[in-house]
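*Asks:* With the sequence up front, the predicted model follows.
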Amino acid sequence: MSELPADVAKALGELDTPTICNAVEVVVPERRARGYNVRPLVCAHPNLPPILGFARTARIKAQHQPEKPQDSVGYYTYVAEGGPLPAISIVQDIDDTPGYGAMWGEVNTNLHYGLGCIGLVTNGSIRDIPDSAENFQMLAGMINPAHAWINVVDWGAPVNVHGMECDDGDLVHADMHGACVIPIASAADVVTEAQRIAAREAILIGAAKEPGFNMEKLKKAWAGMAQLH
């Protein structure tokens, strides 16, 4: 990741997305209620580790036959060469009925993965789950069987996927829980704050697992958490 120190990228990749959200809330308070999906997404491969990459944004339609041919060369060139890698496709389905046709299946997951894209976040639909690229994660609004008139309307512009506003080149973290945009300038601070959160939570969870846990021990654990800064 050319825009991130390697150690920061590695540390972010080892965290789950809820922990990322918790840390972003503290580090960038104005993003406490934005920058992540607020409606559920289907996770195609919940056993895959979290993914971290730079957004390649696009908008798609499938419900009606397109009026002009799709610029496949332009779109795939953007995926491959439109910014630092690895990439994550952030795709907004703008049909009146999102998910009417699936862009993502056996073919497109393999094409995108081969071009350096490691995953997808979309409000649209996906298919061919068993035959999709082995390490390509997909978070989608639904699973549907057909592709209908699927076509890419445009790319490289801001999109909104289930409430997550995302611009081209944004740093995105995703796992089975959902997706979150990480302000790149605050990425190292997010790692530091996530470590603090984990240390505080370990005190509380450890106390809860001890025999005889009660309110007095809970209050003591809270006091111990407060001492960590």
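*Replies:* In hand now; what should we look at? Numbers count the residues shown, from 1 in each chain.
*Asks:* helix or strand right after the helix ranked longest in the chain?
*Replies:* Ranked by number of residues, the top helix in the chain under DSSP state H is helix 187-209. Downstream of helix 187-209, the next assigned helix or strand under DSSP states H and E is helix 215-226.
*Asks:* got the domain boundaries for this protein?
*Replies:* With domains defined by automatic domain parsing, the chain comprises 34-182, 190-226.
*Asks:* This structure: helices as residue ranges?
*Replies:* 6-13, 17-27, 72-81, 106-114, 187-209, 215-226.
*Asks:* packing partners for the fifth one?
*Replies:* Using 3 or more Cβ pairs under 8 Å, 6 or more residues apart in numbering; DSSP states H and E, the elements in contact with helix 187-209 are helix 6-13, helix 17-27, helix 215-226. C-beta here means a position set from N, CA and C on the backbone, and glycine is covered the same way.
*Asks:* In the longest one, which residues are buried?
*Replies:* Read that as helix 215-226. Ala221 (16 or more other Cβ atoms under 10 Å).
*Asks:* what about that helix, distance to the chain center?
*Replies:* Offset of helix 215-226 from its chain centre (Cα atoms, centre = their mean, to the nearest Å): 34 Å.
*Asks:* and that helix with helix 187-209, angle?
*Replies:* Inter-element angle recorded for helix 215-226 and helix 187-209: 160 degrees (by axes from the mean of the first three to the mean of the last three Cα atoms, to 10 degrees).
*Asks:* Residues touching helix 215-226, excluding its own?
*Replies:* 200, 203-204, 206-208, 210 (Cβ atoms under 8 Å, 6 or more residues apart in numbering).
*Asks:* Would you mind writing the CA trace of the longest strand seen in the chain as CSV?
*Replies:* For the chain, the longest strand by residue count, based on DSSP state E, is strand 51-61. Taking Å, rounded to 0.1, in the frame of the first residue of the first chain, the C-alpha atoms of strand 51-61 are listed here in CSV:
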residue,chain,number,x,y,z
ILE,A,51,-9.7,-6.9,3.8
LEU,A,52,-8.1,-3.5,3.5
GLY,A,53,-7.7,-1.6,0.3
PHE,A,54,-8.3,1.6,-1.8
ALA,A,55,-11.7,2.2,-3.2
ARG,A,56,-12.5,1.9,-6.9
THR,A,57,-16.0,3.3,-7.1
ALA,A,58,-18.6,2.6,-9.7
ARG,A,59,-22.3,2.8,-10.4
ILE,A,60,-24.3,0.0,-12.1
LYS,A,61,-27.7,-0.7,-13.6
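*Asks:* name the helices or strands packed onto that strand?
*Replies:* Using 3+ Cβ pairs under 8 Å, 6+ apart: strand 51-61 touches helix 6-13, helix 72-81, strand 87-93, strand 117-122, strand 151-155, strand 159-161, strand 171-175.
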